[in-house]
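Engineer: please find the sequence and the predicted model below.
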Amino acid sequence: MNKYRFIAVDIDGTLLDDNDYFDIERLNRDVDELLQRDYHFIVASGNSYDALTSIFKPCPLVKNFVAENGGRIIVNRQPVSGISHSLPTLQQLLVTINERLPIPDILSLSGKSQTFIADQYRNVPVPYYPHHDYFNKIQEINEPIYNLNISWFKQRLSQSVIQSFVEQLNAQYNNIQATYSGAFGIDILPAGVNKANGLQRLIETYFNGQMNEVVAFGDTSNDIEMLQEVGCSYAMKNATADLLHVADKITAFDNNHSGLLKEIEKQFLQ
């Protein structure tokens with residue numbers, strides 16, 4: 001695969017197994033060898049940069065990120081750009097969620113420095129938010145908000161039901177982009193924000209690259225645009241049906257059996 005220069009990977013359900021584990025030593029070894037062969041390794045995730053910093057703290061060679069489903073770009077572990085919601089949009093969204101959707105099991109806002117969780121969820125454990133605070137009113141938050149996430153992880157609503165909420169939100173608002181996030185949730189992003197656009201901004205602006213030089217790996221609906229736009233796309237064996245439909249290839253193993261790293265090693269490091 002010498003015509004490719006960039007390897008972009010999702011995290012949840014792709015690198016991470018169902019217990020949020022990945023083989024740190026193996027990833028470090030693989031990324032080191034990829035860099036020696038002049039590949040750029042990029043993480044493209046719906047997670048906040050705060051969460052990604054925590055996940056990849058033991059992986060110093062992982063430096064370039066598309067966070068918040070494309071809403072934030074990080075180069076050499078330095079945030080370089082971001083697209084945030086307006087305050088009126090967030091206010092309207094909170095009203096819509098409260099009035100028209102089933103009560104979520106958690107509601108959070110991804111900010112510039114930390115995650116802000118609605119006050120009624122103080123008793124919900126949030127180990128996946130390394131730095132967080134709680135809010136009663138949106139006006140209490142004084143920093144950019146890149147993503148509004150709601151999840152029904154306790155109720156375990158089906159993807160088809162959650163997808164109907166996604167379609168409802170996108171039909172109602174022309175200034176947002178809602179997408180199924182996996183983990184029984186929805187990410188609500190500013191209009192035009194997705195992993196494909198974020199990845200394109202990163203590689204064109206900072207690495208003089210093109211999307212046809214990218215191989216991308218993902219597992220669910222928020223990876224669709226990315227897999228459609230890159231030169232070669234892989235859906236994980238455990239991927240959702242909509243992603244399997246658009247991917248060029250499917251990994252031989254799922255996320256619980258190191259499917260991502262095995263495929264990278266097979267295609268790029270042998």
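Structural biologist: Okay, I see it.
Engineer: with adjacent residues omitted, what lies nearest to residue 64?
Structural biologist: residue 42 (4.9 Å; C-beta to C-beta, 6 or more residues apart in numbering). Heads up, the C-betas are built off the backbone N, CA and C, glycines and all.
Engineer: would you confirm that residue 30 contacts residue 261?
Structural biologist: Yes. Under the criterion of C-beta atoms under 8 Å, residue 30 makes contact with residue 261 at 5.9 Å.
Engineer: tell me what the host helix or strand of the residue nearest to residue 64 is packed against?
Structural biologist: In this assignment (DSSP states H and E), residue 42 forms part of strand 40-44. Here strand 40-44 touches strand 6-9, helix 24-36, strand 64-67, helix 195-206, going by 3 or more C-beta pairs under 8 Å, 6 or more residues apart in numbering; DSSP states H and E.
Engineer: next, the angle helix 24-36 makes with that strand.
Structural biologist: For strand 40-44 against helix 24-36, the angle by axes from the mean of the first three to the mean of the last three C-alpha atoms, to 10 degrees is 130 degrees.
Engineer: report the contact partners of the residue nearest to residue 102 when sequence neighbours are not counted.
Structural biologist: Nearest-residue entry for residue 102: residue 152, 6.7 Å, with adjacent residues in sequence omitted and distances by C-beta to C-beta, 6+ apart. Under the criterion of C-beta atoms under 8 Å, 6 or more residues apart in numbering, the neighbours of residue 152 are 102, 104, 105, 162, 184, 185.
Engineer: next secondary structure after the helix or strand residue 117 falls within?
Structural biologist: Under the criterion of DSSP H and E, residue 117 resides in strand 115-118. Next along the chain after strand 115-118, taking DSSP H and E as the criterion, comes strand 132-135.
Engineer: adjacent strands (with direction) for the helix or strand following that next one?
Structural biologist: Downstream of strand 132-135, the first helix or strand assigned by DSSP H and E is strand 145-151. Strand 145-151 pairs in its sheet with strand 106-111 (antiparallel), strand 185-190 (antiparallel), by DSSP bridges.
Engineer: return the distance of the next helix or strand along the chain from strand 145-151 from the chain's centre.
Structural biologist: Later in the chain than strand 145-151, the nearest helix or strand by DSSP H and E is helix 159-172. The chain centre lies 18 Å from the centre of helix 159-172; the measure is C-alpha atoms, centre = their mean, to the nearest Å.
Engineer: could you give the angle of helix 159-172 to strand 145-151?
Structural biologist: Orientation check (the same axes, to 10 degrees): helix 159-172 against strand 145-151 gives 140 degrees.
Engineer: now for the helix or strand following helix 159-172, which elements pack on it?
Structural biologist: Going down the chain from helix 159-172, the next helix or strand is strand 176-182, by DSSP H and E. Counting contacts by 3+ C-beta pairs under 8 Å, 6+ apart, strand 176-182 is packed against helix 159-172, strand 185-190.
Engineer: include mean pLDDT when you put these into a markdown table, please.
Structural biologist: What follows is the helices and strands packed on strand 176-182, written out as a markdown table (pLDDT from 0 to 100):
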| stretch | mean pLDDT |
| --- | --- |
| helix 159-172 | 96 |
| strand 185-190 | 97 |
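Engineer: in CSV: these, plus distance to residue 91.
Structural biologist: Formatted as CSV, the helices and strands packed on strand 176-182 follow (distance: least, C-beta to C-beta, whole Å):
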stretch, distance to residue 91
helix 159-172, 14
strand 185-190, 13
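Engineer: tell me which of these sits most buried.
Structural biologist: strand 185-190 (a mean of 24; mean count of other C-beta atoms under 10 Å).
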